[in-house]
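Novice: Quick one, fold the following:
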Amino acid sequence: MDLTWRIKELSDIKSAIRSADAHLQRALLRAIVTMAYAHWEGHVKFSAKSYMNYIAKRKFLYKSLNIQFSFNKFIPRLLALKTQGVNTEQACAMMGEWIQTPDHRFSRIADRIIDTKNNLRLQNIREICRICDVASKFFDDKESFIDKMLVDRRNAIAHGENVYLDMDNLDEFVENAIGLMRSFSDLLINACYLENYKRSYAS
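Specialist: As a prediction, the model looks like this:
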C-alpha cells in the first residue's frame with residue numbers, strides 16, 4: 001500500500017508535466033526530481049521499519065535470528081561512543097548485556113537504527129540492507145542513478161541551483177525511481193516469505 005500511493009503521485013506529476021505550458025513545465029521538471037527523491041527515501045525508511053517491526057512483533061529469541069539482529073541492538077550505542085566516549089564500567093555493562101542477548105527476545109527495533117542520513121546514496125542503502133540482513137547487490141549497478149540523478153540533483157534543487165530534468169528523460173527517470181522502490185520492497189517481502197531472518201537460513 002505504501003508504494004501504491006507513491007507511484008500514483010509520481011504518475012500524476014508526470015501527467016501534469018506533459019499537459020503544462022513551457023513555463024510551468026520547467027518548474028514541474030524540477031519538482032518531480034525532489035518528489036522522486038522524497039518517495040525513494042520515504043519508502044525505504046517506511047519499508048525497513050515495517051519489516052523490522054514485523055519480526056519484532058513475533059518476539060523471537062535472538063539466538064533464533066541471524067546474528068545481524070543482535071548487532072542491531074548495539075549499533076546505535078556503539079556509534080555514539082565515537083563522540084561520547086565510554087568508561088570501563090559502561091563497557092563492562094554493555095559486554096554483559098551482549099553476552100546475555102541470545103536468551104532475550106527481539107521485541108523492538110533499536111532507536112534510529114534505520115537511518116537514511118537524509119541523503120539516501122548507494123552507500124546508505126547498503127547500510128540499511130545490512131541492518132535488515134538482505135542483499136544489497138541489486139543496487140550496485142544503480143549507483144549513478146541513485147547518487148547523481150536522485151540525490152545530487154535533489155540537493156542542487158534544494159539549495160536553489162538552476163537544475164532540472166530534461167523532458168526527454170522524464171519517463172526513464174520516473175521508471176527508474178519506481179524500480180528502485182519496487183526492488184527494495186521485493187527484497188523485504190521475499191525475506192518475510194522465506195523467513196530469511198531466522199538463524200537456520202543459509203545465505
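
Novice: Which helix or strand contains the most centrally placed residue in the chain?
Specialist: Centroid-nearest residue in the chain, with Cα atoms, centre = their mean: residue 44, separated by 3.4 Å. Here residue 44, judged by DSSP states H and E, is contained in helix 22-56.

Novice: Show me what that helix is packed against.
Specialist: helix 2-19, helix 122-132, helix 153-158, helix 170-194 (3 or more Cβ pairs under 8 Å, 6 or more residues apart in numbering; DSSP states H and E). The way it works is simple: take the backbone N, C-alpha and C, and place the C-beta from them, glycine included.

Novice: How far away from the center of its chain is stretch 68-76?
Specialist: 17 Å (Cα atoms, centre = their mean, to the nearest Å).

Novice: and the residue nearest to the centre of the chain, what does it touch?
Specialist: 116, 120, 125, 128, 181, 184 (Cβ atoms under 8 Å, 6 or more residues apart in numbering).

Novice: just the angle between the helix holding residue 44 and helix 170-194, please?
Specialist: Our comparison of helix 22-56 with helix 170-194, counting by axes from the mean of the first three to the mean of the last three Cα atoms, to 10 degrees, yields an angle of 10 degrees.

Novice: next SSE after helix 22-56?
Specialist: helix 67-84.

Novice: Just the C-alphas of that next one, formatted as PDB.
Specialist: Only the C-alpha atoms of helix 67-84 are listed here, as PDB (Å, rounded to 0.1, in the frame of the first residue of the first chain):
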ATOM      1  CA  ILE A  67      23.400 -12.500  14.100                       C
ATOM      2  CA  GLN A  68      22.700  -9.200  12.500                       C
ATOM      3  CA  PHE A  69      19.700  -8.700  14.700                       C
ATOM      4  CA  SER A  70      22.000  -9.000  17.800                       C
ATOM      5  CA  PHE A  71      24.400  -6.500  16.200                       C
ATOM      6  CA  ASN A  72      21.500  -4.100  15.500                       C
ATOM      7  CA  LYS A  73      20.700  -3.900  19.200                       C
ATOM      8  CA  PHE A  74      24.100  -2.400  20.000                       C
ATOM      9  CA  ILE A  75      25.000  -0.400  16.800                       C
ATOM     10  CA  PRO A  76      23.400   2.900  17.800                       C
ATOM     11  CA  ARG A  77      25.100   2.800  21.200                       C
ATOM     12  CA  LEU A  78      28.500   1.800  19.700                       C
ATOM     13  CA  LEU A  79      28.300   4.600  17.200                       C
ATOM     14  CA  ALA A  80      27.500   7.000  20.000                       C
ATOM     15  CA  LEU A  81      30.800   6.000  21.700                       C
ATOM     16  CA  LYS A  82      32.700   7.700  18.800                       C
ATOM     17  CA  THR A  83      31.600  11.100  20.200                       C
ATOM     18  CA  GLN A  84      30.700  10.400  23.800                       C
END
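
Novice: Low-confidence bits of the chain, can you list those?
Specialist: The chain contains residues with pLDDT under 70 at 82, 86-92, 94-96, 98-100, 201-203.

Novice: Try it again at 90.
Specialist: Along the chain, the parts satisfying pLDDT under 90 run over 1-2, 22-23, 73-104, 110-112, 162-164, 199-203.
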